[in-house]
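A.B. asks: Here's a sequence, model it:
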Amino acid sequence: MRFSFHSYLAIILSAPLAATLACQSAQKPSSFLPPAQAQAPALIAASSPPDPHQRKPAAAEPQSKPQVPQALEVDPVGDLIAQVEKEYQSGQDNYRAGHLEAAKQNFDSAFNQLLGSGFDLRSDDRLERELDRILDGINGLELAALQQGDGFAEQKSEPAPIDEANELTPAVDENVKAKAEAEIKSTRSDLPLMMTDQVAGYINYFSNRGRGTVERALARSGRYEDMIRRTLREEGVPQDLIYLAQAESGFHPLAVSRAGARGMWQFMGTRAKGYGLDRSWWVDDRQDPEKATRAAAHHLKDLYNEFGDWYLAMAAYNSGPGTVQSAVKRTGYADFWELYRRNALPKETRNYVPIILAVTIMAKNPAQYGLDAVVKEQPVPYDTIKIDYPIDLRLAAECVDATASDLLDLNPRLLRLTTPKFPGKDQQFELHLPAGTAGKFQMAVASIPADKRVWWRYHKVQGGETLAAVARTYHTTPRAIAEANDLNDGLNNGALSPETRLIIPIAAGKQSDTSTYAHAITHCKVRKGDTVESVAENFGVSAKMLRGWNRLKGSSLAGRKVLYLHLPVTRSAGETQVASKHSSRTHHQAGTQTASASAVLHHKVKRGETLYSIATSYNTTVQALKHDNRNIAALRPGMILVVRSTN
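C.D. replies: So this is what the prediction gives:
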């Protein structure tokens, strides 16, 4: 039987292996102890495939069995690791190729083999290292199952348009080529422009099949153009390098390529770190338009200084300077087009420069290509405040009468709806707010205790609402709301004035109520200086629950590399949990709420919308949307979704 990633942790808590891990936990700190709540039914454990290397009990072996010489003994652990590694590498290959579902199956299989082997994973350093490596890999690839609908869920990315264009070898239209050659002579650019068959082919593609990609990118460019050109000018590089970002991402900060490059300038992780772009579970600076633009300008300037040619610099930006240097050394030619003709560069790099040149020529001659009717977006002004506490963007939005989607749009570097909690007292997060609302935010948020700003909410009273009704909505008590808002008569007279803004005190998690925690398991990497209390506070769970899930005693995390936890669920107004028939057989059901009466609506997906933004608009949950729409994972503009809006 195969197990999904969501249930892999349940395997090792079943039958003899669970007893082995529990017994040995007191002897040695473990880097792998899954949450106690993830226990699988006995039937699952019984159906686990037997390990071909596992020895039978000694009583069942013949007494006269000859001893195998030590030199001839096999290495079952080594064989197991080889099998696991093969499956894991297949997953890596599938992920890089964009085959996400196949990659997930590979990772599930790798976990099944390793965790269902019957070996004590701490008995051999090789097994422990392999497990930690796989965990780190999955975490880095963002394939860990995260609870949807709360402030810790990761916001959705967009596919990078460069991927589709790079797969093509478009046909050359001689008329298009001749027209473009004539245009180049009168086109002013601080980048060298050259017309080749490859450039002409991409102009033909973007004039027809790929026209929508160019139009959307040009429209979006208006939002960032002034900032990008100013930054490029300040860094002393050609301002027309702006079209590299247009070709790469269409100016979308959340663009992610199949290879894992991210952001408007499509930085890979290691390259981004080298240019000062930070990444964590909470933020990714590659998605920050200004920071990423500055880093890209530095990187391109360094590449030009290395190669002395902008075409080679762009090629190196795509495939890495080592790849281009190697091609130059092999051929003896430091010329992009000569390297192209000699097929000395990877295919995607050979196409990369012609794509950028085609986009540049079309963008600088909009009338000739029918692009002059494209209306560019206007830059969005914003206020910036520095905060040294974590806050849920939904609360921040309520403070300034905006939406969580508005704030996500202004803060694309945030990977989640919650701003980070920094371990150092001197660290701060720059939060962008709608222009002119900084003072309003500071006044409103001052009423919420700093340590409650991830959980508490504001609520605007609707006509006819009572204190009891509001309390039911947020799963709290009338007395708690009355005390938080100094409502002297609130408990006696339930009527509330419309438009009144109430502070809603929501508990971070009731230790006796498992329904306040997500069923999905999240793992976090233990860092130097972490303690049980600091990790618990960072994720908004109690230290007691964190110890129970990981079978810990005290505060020390010495010897631990990974912790497992269930993220707390924060239900907003009208939210309900909707469990499928399948999940009801495998998930713990204590405290699950029955869906209330609902109205069936239909929603047409607009560009830029996510499951979370739609769920928030209709007072429902991401889980409910998926449940009612065949477990949909990706949205496309024009889709019609079934929405059950709660009453």
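
A.B. asks: give me every residue that touches residue 400.
C.D. replies: Shown in contact with residue 400 (C-beta atoms under 8 Å, 6 or more residues apart in numbering): 433-434, 437, 440-441, 444. Just so you know, the C-beta spots here come from the backbone N, C-alpha and C atoms, and that holds for glycine as well.

A.B. asks: Which residue, other than its chain neighbours, is closest to residue 295?
C.D. replies: residue 275 (3.9 Å; C-beta to C-beta, 6 or more residues apart in numbering).

A.B. asks: Distance of the one you found relative to residue 292?
C.D. replies: Between residue 275 and residue 292 the distance is 9 Å, computed by C-beta to C-beta, to the nearest Å.

A.B. asks: Could you check which of those two has the larger neighbour count?
C.D. replies: Counting neighbours by other C-beta atoms under 10 Å for residue 275 and for residue 292 shows that residue 292 has the greater number, 28 against 19.

A.B. asks: chain center to the host helix or strand of the more buried one: distance?
C.D. replies: Assessed by DSSP states H and E, residue 292 sits inside helix 289-307. Here helix 289-307 is found 25 Å from its chain centre; the criterion is C-alpha atoms, centre = their mean, to the nearest Å.

A.B. asks: Could you turn the buried ones of the contacts of residue 400 into a PyMOL selection?
C.D. replies: Remark: buried members of the contacts of residue 400, expressed as a PyMOL selection using 16 or more other C-beta atoms under 10 Å:
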select buried, resi 433+434+437+441+444
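
A.B. asks: now, among the contacts of residue 400, which is nearest to residue 640?
C.D. replies: Within those, proximity to residue 640 (C-beta to C-beta) peaks at residue 434, which comes in at 30.6 Å.

A.B. asks: where do the helices sit along the stretch 151-300 of the chain?
C.D. replies: Counting by DSSP state H, counting those that start in this stretch, the stretch 151-300 of the chain has helices at residues 162-166, 174-186, 197-207, 211-234, 242-249, 269-274, 289-307.

A.B. asks: Reformat these as a markdown table; add distance to residue 365 and mean pLDDT.
C.D. replies: Formatted as a markdown table, the helices of the stretch 151-300 of the chain follow (distance: least, C-beta to C-beta, whole Å; pLDDT from 0 to 100):
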| stretch | distance to residue 365 | mean pLDDT |
| --- | --- | --- |
| helix 162-166 | 19 | 82 |
| helix 174-186 | 5 | 88 |
| helix 197-207 | 10 | 94 |
| helix 211-234 | 12 | 96 |
| helix 242-249 | 12 | 96 |
| helix 269-274 | 32 | 90 |
| helix 289-307 | 24 | 97 |
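
A.B. asks: Can you check what pLDDT the model gives residue 378?
C.D. replies: pLDDT recorded at residue 378 is 95.

A.B. asks: would it count as being in a strand?
C.D. replies: No. Per DSSP: H, G, I helix; E, B strand; the rest coil, residue 378 lies outside any strand segment and is coil.

A.B. asks: what residues are up against the residue nearest to it when sequence neighbours are not counted?
C.D. replies: Among residues not flanking residue 378 along the chain, residue 222 sits closest, at 6.1 Å (C-beta to C-beta, 6+ apart). Taking C-beta under 8 Å, 6+ apart, we find residue 222 in contact with 376-379.

A.B. asks: From residue 281, how far off is residue 222?
C.D. replies: With distances taken as C-beta to C-beta, residue 222 is found 33 Å from residue 281.

A.B. asks: same check, this time on residue 199
C.D. replies: From residue 199 to residue 281 the distance is 42 Å (C-beta to C-beta).

A.B. asks: Looking at those two now, which is surrounded by more residues?
C.D. replies: residue 199 (25 against 19).

A.B. asks: Does that one touch residue 360 like I think?
C.D. replies: No. The pair residue 199 / residue 360 is not scored as a contact, 9.4 Å apart, by C-beta atoms under 8 Å.

A.B. asks: one step back: would you mind finding the most buried of the helices of the stretch 151-300 of the chain?
C.D. replies: helix 242-249 (a mean of 26; mean count of other C-beta atoms under 10 Å).

A.B. asks: Residue 162 and residue 245 touch, don't they?
C.D. replies: No. Between residue 162 and residue 245 there is no contact under C-beta under 8 Å: 10.2 Å.

A.B. asks: Please identify the buried residues of the host helix or strand of residue 472?
C.D. replies: Assessed by DSSP H and E, residue 472 sits inside helix 467-473. Going by neighbour count (16+ other C-beta under 10 Å), the buried part of helix 467-473 is 467, 470-471, 473.

A.B. asks: same check, this time on stretch 452-472
C.D. replies: Neighbour-count burial for stretch 452-472 [16+ other C-beta under 10 Å]: 452-459, 461, 465, 467, 470-471.

A.B. asks: Equivalent analysis for stretch 382-391, please.
C.D. replies: 382-383, 385, 387, 389-391.

A.B. asks: And the residue nearest to residue 378, how far from residue 79?
C.D. replies: In this view, residue 222 and residue 79 are 59 Å apart by C-beta to C-beta.

A.B. asks: Strands along the stretch 351-500 of the chain, start to end?
C.D. replies: Per DSSP state E, counting those that start in this stretch, the stretch 351-500 of the chain carries strands over the ranges 382-387, 429-434, 457-460.

A.B. asks: who touches the shortest one?
C.D. replies: This points to strand 457-460. Residues contacting strand 457-460 (C-beta under 8 Å, 6+ apart): 392, 394-395, 398-399, 444, 470, 473-474, 499-504, 506, 572-573.

A.B. asks: how about 10 Å then?
C.D. replies: 392, 394-399, 401, 444-445, 447-448, 465, 470, 473-474, 476, 481, 485, 496, 498-506, 570, 572-573 (C-beta atoms under 10 Å, 6 or more residues apart in numbering).

A.B. asks: Then the first one?
C.D. replies: Outside strand 382-387, the residues within contact range by C-beta under 10 Å, 6+ apart are 396, 400, 406-407, 409-411, 419-420, 422, 427-442, 445, 450, 453.

A.B. asks: That one pairs with which strands?
C.D. replies: Within its sheet, strand 382-387 is paired with strand 429-434 (antiparallel), according to DSSP bridges.

A.B. asks: Over to the last one?
C.D. replies: Neighbouring strands of strand 457-460 in its sheet, by DSSP bridges, are strand 501-504 (antiparallel).

A.B. asks: Can you name the element that comes right after the strand it pairs with?
C.D. replies: strand 522-525.

A.B. asks: got the CA positions of that following strand in CSV?
C.D. replies: Listed in CSV are the C-alpha atoms of strand 522-525, where the atom choice follows Å, rounded to 0.1, in the frame of the first residue of the first chain:
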residue,chain,number,x,y,z
THR,A,522,4.1,21.0,9.4
HIS,A,523,7.8,20.6,10.1
CYS,A,524,10.2,23.3,10.9
LYS,A,525,14.0,23.3,11.0
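
A.B. asks: on contacts alone, who are the packing partners of it?
C.D. replies: helix 125-140, helix 532-539, strand 562-565 (3 or more C-beta pairs under 10 Å, 6 or more residues apart in numbering; DSSP states H and E).

A.B. asks: circling back to that earlier point, show me the two of the buried residues of stretch 452-472 that sit farthest apart.
C.D. replies: 454 and 465 (25.0 Å).

A.B. asks: I'd like to know which of the contacts of strand 382-387 are buried.
C.D. replies: By 16+ other C-beta under 10 Å, the contacts of strand 382-387 give 396, 400, 406-407, 409-411, 419-420, 422, 429, 431-434, 437-438, 441, 445, 453 as buried.
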